[in-house]
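Student: I'll drop the sequence and a predicted model, then ask my questions.
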Amino acid sequence: MNFQPASLALFAVFASLSVNLALQCGLGMRGIAVTQKAGKKPPLVKLGILFVTILFLWIVFSYIISSLPLGFFMYVLLFPMSALVYFGFEYLVYHFALKTAVESDGSIHYCDGLAAAALFVTLNIARGFVEAAMLSFGFVLGILLVFVIIGEIRRRSMIEAAPRFLRGAPLSLISMGLLSLVFSSAALIFFRAIGG
């Protein structure tokens, strides 16, 4: 399958804006609004593990599980398999590669459904490995973008004149809602531009 560079660029933008799914459903992102401290660095290792998890499971579901006569039950397997694979990769990376304990900062819970939701969208949209890789990268990039934006909003709310009852989690939740509206509109525009 040949792709035009413009359609690949639009696909990458759509993929990164698809984090709307995480924003609207709150899957795996609830801790950003509640527990993130200003100036905290994004968990890049966990984002890398999420990327590998989505891509690995796309291969498994597309080529192995789809050949089995499971029907709708295939979608029921998304959540438990994504949680198991994510925890497995996380254990391997932290235990063997980094030789440290798994970081549990409480800010992002990928296995609360974010990996499964990203996998669901990837399975239904991607027609090939390149598209699946771009969608996976787009989800991770979108989560990183949200992490940075919410961190900056939280930091600015502490130093600028914001009502006291809005500081912290309330302002973060309002900001995530507004970001969700923006990402929804942009994702729809780019999805239609690529012919979806």
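Tutor: Perfect, I can see it now. Since we're looking at a predicted model, the values are computed, not measured.

Student: Does the nearest residue to residue 57 once chain neighbours are set aside belong to a helix, a strand or coil?
Tutor: Spatial nearest neighbour of residue 57, excluding adjacent residues (C-beta to C-beta, 6 or more residues apart in numbering): residue 119 at 5.2 Å. The C-beta positions use only the backbone N, C-alpha and C, and glycine is treated the same way. In three-state terms, and counting by DSSP: H, G, I helix; E, B strand; the rest coil, residue 119 is helix.

Student: Quick one: residues contacting residue 119.
Tutor: Counting by C-beta atoms under 8 Å, 6 or more residues apart in numbering, residue 119 touches 53-54, 57-58, 61, 78, 82.

Student: measure residue 46 to residue 69 for me?
Tutor: Shown here: residue 46 relative to residue 69, a distance of 35 Å by C-beta to C-beta, to the nearest Å.

Student: Looking at those two now, which is surrounded by more residues?
Tutor: Each of residue 46 and residue 69 has its neighbours counted (other C-beta atoms under 10 Å); residue 46 has more, 22 against 7.

Student: For the more buried one, pull up the helix or strand it's in.
Tutor: Element membership for residue 46, per DSSP states H and E: helix 44-59.

Student: Was I right to think residue 179 contacts residue 152?
Tutor: No. Counting by C-beta atoms under 8 Å, residue 179 does not reach residue 152; the two are 11.9 Å apart.

Student: out of these two, which sits in the busier spot?
Tutor: Of the pair residue 179 and residue 152, residue 179 is the one with more neighbours under other C-beta under 10 Å, namely 19 against 13.

Student: I'd like the distance between the more buried one and residue 137.
Tutor: Distance, residue 179 to residue 137, by C-beta to C-beta: 19 Å.

Student: Kindly report the same for residue 168.
Tutor: For residue 168 relative to residue 137 (C-beta to C-beta), the value is 31 Å.

Student: Look up the closest residue to the residue positioned nearest the centre of the chain, ignoring the ones flanking it.
Tutor: For the chain, residue 139 is the residue whose C-alpha lies nearest the centre (C-alpha atoms, centre = their mean; 4.1 Å). Nearest residue to residue 139, sequence neighbours excluded (C-beta to C-beta, 6+ apart): residue 118, at 4.4 Å.

Student: What segments of this protein are helices?
Tutor: 5-17, 20-25, 30-35, 44-59, 73-76, 78-92, 114-125, 129-159, 169-193 (DSSP state H).

Student: Now do stretch 163-178, average pLDDT.
Tutor: Stretch 163-178 carries an average pLDDT of 76.

Student: buried ones in that stretch?
Tutor: 168, 171-173, 175-176 (16 or more other C-beta atoms under 10 Å).

Student: so how far is that stretch from its chain's centroid?
Tutor: In terms of C-alpha atoms, centre = their mean, to the nearest Å, the centre of stretch 163-178 is found 21 Å from the chain centre.
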